[in-house]
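*Asks:* Just the structure for this:
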Amino acid sequence: MKSKLMIFLAIVTLAAAAAFGQTVPAKPAEPAKPAAPAKLPTAQEILAKYIKAIGGRDAVEKVKSWTSKGTVELAPMGVKGTVESISSAPNLSLVKMNLAGIGDFTEGFDGTTAWSVNPIQGAREKSGEELLQTKLNSNFHREINLDKLYKKLEVTGMEKVNGRDAYVVRAEAEGVPASTMYFDAATGFILRTDNTAVSPEGRQPVSTYFDEMQAFDGVMTPTKIRTKLPTAEITMTITEMKSGPAVEAAKFARPK
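*Replies:* Model (predicted):
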């Protein structure tokens with residue numbers, strides 16, 4: 001489930017950057033610097049609690065594909081739109097977002113090639129850091145594979161996120177900017193992530209907040225996601241989500 005959300009967020013961030021010209025210096029998001037308590041759990045203990053909180057490893061692995069629909073709003077521009085996606089094991093994704101008055105933004109990953117089509121940049125294929133980041137975010141069972149996807153996971157302390165105590169975990173993966181994840185100390189859910197989104201418009205620090213958890217086929221997922229960019233805030237609401245069997249890779253291929 002988390003993999004789909006990451007793809008959602010990537011395309012929303014890209015759309016905001018392309019449509020409104022938001023470019024920032026090539027600097028990663030600042031890691032959190034909370035005061036450390038006397039004793040912190042290990043990263044493995046935090047991840048184990050997270051997996052249990054979202055329904056357990058068996059429930060997550062049972063699902064082979066997700067299709068979903070949602071709405072999106074960009075503030076302060078007041079631009080609204082819709083988002084729909086399909087993702088499938090092991091790492092396939094296709095997302096289409098329509099922004100009113102701007103057009104369709106479509107992104108896909110067929111397991112090898114990552115591509116994008118939108119009314120501002122036209123059609124293009126991703127490469128370099130952007131391709132690596134797409135591969136990382138497209139892992140279908142990402143939420144139960146974080147310890148495999150990141151070469152280093154370090155618990156750096158605790159911080160308040162929306163008034164709740166959260167364990168702060170810095171995550172490093174090969175070839176892409178580091179990420180910071182905030183796990184609710186009480187429930188185990190992810191409350192926030194800090195990332196550096198890579199796009200043709202440059203690098204952008206992105207902070208994402210996850211709220212309103214709901215169960216879909218035994219897997220808990222946030223249905224309200226707020227993404228903060230340097231000059232905008234994006235709110236996405238998932239209105240429909242269904243699971244199904246694995247989908248053929250051809251559906252995710254780059255359009256000719």
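
*Asks:* Tell me the helices and strands packed up against the longest strand along the chain.
*Replies:* Secondary structure of the chain per DSSP state E: the longest strand is strand 202-216. Here strand 202-216 touches helix 2-20, strand 190-199, strand 219-228, strand 233-244, going by 3 or more C-beta pairs under 8 Å, 6 or more residues apart in numbering; DSSP states H and E. Every residue, glycine included, has its C-beta placed from N, CA and C.

*Asks:* list the contacts for T208?
*Replies:* T208 is in contact with L9, R192, T193, D194, N195, I225, R226, T227, K228, counting by C-beta atoms under 8 Å, 6 or more residues apart in numbering.

*Asks:* okay, it: pLDDT?
*Replies:* With respect to pLDDT, T208 scores 97.

*Asks:* If it is in a bridge, with which residues?
*Replies:* T193, T227 (DSSP bridges).

*Asks:* Which positions within the helix or strand hosting K135 qualify as buried?
*Replies:* According to DSSP states H and E, K135 maps onto helix 128-137. Using 16 or more other C-beta atoms under 10 Å as the test for burial, helix 128-137 gives E130, L131, L132, Q133, T134, K135, L136, N137.

*Asks:* How far off centre is that helix?
*Replies:* 12 Å (C-alpha atoms, centre = their mean, to the nearest Å).

*Asks:* helices or strands next to it in the packing?
*Replies:* Using 3+ C-beta pairs under 8 Å, 6+ apart: helix 128-137 touches helix 2-20, strand 114-118, strand 190-199.

*Asks:* if you set the cut-off to 10 Å instead, what comes out?
*Replies:* Here helix 128-137 touches helix 2-20, strand 103-109, strand 114-118, helix 146-149, strand 190-199, going by 3 or more C-beta pairs under 10 Å, 6 or more residues apart in numbering; DSSP states H and E.

*Asks:* I appreciate the help and will end here.
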